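K.L.:
how would this look folded up:
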Amino acid sequence: QVQLVESGGGLVQAGGSLRLSCAASRRTFSDYAMGWFRQAPGKEHEFVAAITRTGGRTYYGDSVKGRFTISKDNAKNTVALQMSSLKPEDTALYYCVAGSGAATMKYTYDYRGQGTQVTVSS
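P.N.:
Below you'll find the model as predicted:
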């Protein structure tokens, strides 16, 4: 079992930046690919980003490419999402996930956290 706890959400103006962090409970954190999803009120869950077990390859949703960066620190059991050039449409609950493969994380994962709210004002 892997417990994931997100932090770093908040209120930011459009054009600003925010950094989310996700801490994992399990010592074998390096065995998992990690990712981020988001869900806005009344909308479907949306894939944001994923990173491989070693951190050597990343994947991004089309709406965040070039603006968001995912990174993984296996020594600290954390995964981060650096968000820049934020837009009001980025407003959502962001949650961290863990699974067996980054390439398929858009479709399936094994664990998820409770999420952290990000609100972007215009």
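K.L.:
what about the spatially most central residue of the chain, is that helix, strand or coil?
P.N.:
Among the residues of the chain, the one closest to the centroid is residue 36, at 2.5 Å (Cα atoms, centre = their mean). Put simply, residue 36 is strand when judged by DSSP: H, G, I helix; E, B strand; the rest coil.
K.L.:
right, and it touches residue 49 too?
P.N.:
Yes: with contact defined as Cβ atoms under 8 Å, residue 36 reaches residue 49; the gap is 5.0 Å. Where you see a C-beta, it was placed from the backbone N, CA and C, and this is true even at glycine.
K.L.:
overlap in contacts, these two.
P.N.:
Shared contacts of residue 36 and residue 49 (Cβ atoms under 8 Å, 6 or more residues apart in numbering): 70, 81.
K.L.:
picking up where we left off before, dump the residue contacts of the residue nearest to the residue nearest to the centre of the chain when sequence neighbours are not counted.
P.N.:
Closest residue to residue 36 apart from its sequence neighbours, by Cβ to Cβ, 6 or more residues apart in numbering: residue 48 at 4.2 Å. Contact analysis of residue 48 by Cβ under 8 Å, 6+ apart lists 35, 36, 37, 38, 60, 61, 64, 68, 81, 94.
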